[in-house]
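Asks: Sharing a sequence plus its predicted fold:
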Amino acid sequence: MNHSLPRPPAADPLIAILGPTASGKSTLAVFLAQRLGGEVIACDSTQLYRGFDIGTAKPSERERGGIPHHLIDVLDPPEAATAGGYRDMAIRVLEDLRRRRKLPIFTVGTGLYFRALLDGLADVPQRSEELRARLRRSASEHEPGHLRRILRRLDPEAAEKIAAADEQKLIRAIEVCLLARKPISELHRSGRRALEGWHAIKIALQPERDKLYQRIHQRAGKMLDSGWLEEVERLVASGALAASKARDFIGYRELHRVLDGEMDIEQARMAIQQATRRYAKRQMTWFRRETGVHRFAGFGDDAVLQNDVLQVVARELADAARRPEEGSV
């Protein structure tokens, strides 16, 4: 089979598979890539980090099916993952795939990163280590939820999009609000430069919530059985967990507490399942707001759904090949 694309119009197509954790995005992406001459680009803030493998659900070599995957294992634990940094890396990958006539297929778990890629980023203030230190100190001196309450006063819209436990994002949002003297959500809506030269074909997976939660519970068990606790133990021993924001990823923080004797493994399992359900709910809320999306009720590993998606994508690609020249997504 020839895995090269026909000569495209000025706006080349890219596919984006949106969906909550455990919905089968990676499986669907590999299915499409094998049939359309594509390569997969992860859009997931957790999979960027080397060494954080089991708990971030990185696809194994077998699961990748011989398809190249990009933007996995590209950061060392001390490095900071940001939407802007992700956008820069993703644009370089897109340029490479365009040169090689390969179809980009994004697996989108982190909606903020994908939105940054398509819409661009506002010109926001640089970091202030002094202000960050004050905010961290303030958080340690108050009850849980203190930072989110501060952000809610400064920017209610931004506060609703950030988990109460995500201290790093809360601190950055508060920092920007204070330094810019305006809400960060207002900054994000202004002064952006959209991605040029690409047309996004967006596919959303929307499995039934009860079935999704069942999969989340099963996957957490499989991860633990596959050595997740041992992975965390290695990260703690090497100092990588303490050095990385990934220490706050779902599961890593709970399993660290197991190693510290603060909870047992069954308590950790239940906490991981609960936190993952909440995360999936936030993802589904985010992706429901996305426009111009083909939505499919089911999981990405369902053969019927896969073929339905393939038909829609093939039709979109054919339309894109006939479309007059365009400049952006």
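Replies: In hand now; what should we look at?
Asks: check contacts around the nearest residue to P59 once chain neighbours are set aside.
Replies: Of all residues not flanking P59 in the chain, S26 sits nearest, at 4.7 Å (Cβ to Cβ, 6 or more residues apart in numbering). No exception for glycine: its C-beta is placed from N, CA and C like everyone else's. Neighbouring residues of S26 by Cβ atoms under 8 Å, 6 or more residues apart in numbering: 40, 57, 59, 63, 107, 300.
Asks: quick one: which helix or strand includes the fifth one?
Replies: This means T107. In the assignment (DSSP states H and E), T107 maps to strand 103-108.
Asks: Pass me the low-pLDDT residue ranges in the stretch 1-150 of the chain, would you?
Replies: Applying pLDDT under 70 to the stretch 1-150 of the chain flags the ranges 1-10, 123.
Asks: Now do the helices in it.
Replies: 25-36, 61-64, 83-99, 111-119, 129-141, 146-154 (DSSP state H, counting those that start in this stretch).
Asks: re earlier: which pair of the contacts of S26 spans the longest distance?
Replies: V40 and A57 (13.6 Å; Cβ to Cβ).
Asks: These two - which one has more neighbours?
Replies: Taking other Cβ atoms under 10 Å, V40 and A57 do not tie; V40 has more neighbours (25 against 19).
Asks: what about that one, distance to A133?
Replies: Relative to A133, V40 is positioned 39 Å away (Cβ to Cβ, to the nearest Å).
Asks: ok, back up a step: with distance to D12 added, can I get the helices of the stretch 1-150 of the chain in a markdown table?
Replies: Formatted as a markdown table, the helices of the stretch 1-150 of the chain follow (distance: least, Cβ to Cβ, whole Å):
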| stretch | distance to D12 |
| --- | --- |
| helix 25-36 | 13 |
| helix 61-64 | 23 |
| helix 83-99 | 6 |
| helix 111-119 | 14 |
| helix 129-141 | 39 |
| helix 146-154 | 38 |
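Asks: Of these, which stretch is the most buried?
Replies: When the helices of the stretch 1-150 of the chain are scored by mean count of other Cβ atoms under 10 Å, the highest mean neighbour count falls to helix 25-36 (a mean of 23).
Asks: residues in contact with G51?
Replies: G51 neighbours (Cβ under 8 Å, 6+ apart): 77, 231, 234-235, 238, 240.
Asks: of those, closest to I162?
Replies: The closest of the contacts of G51, once distances to I162 are taken by Cβ to Cβ, is P77, at 21.9 Å.
Asks: how deep is the closest residue to the closest one other than its chain neighbours tucked in, by neighbour count?
Replies: Spatial nearest neighbour of P77, excluding adjacent residues (Cβ to Cβ, 6+ apart): S244 at 3.4 Å. For S244, the neighbour count with other Cβ under 10 Å is 23.
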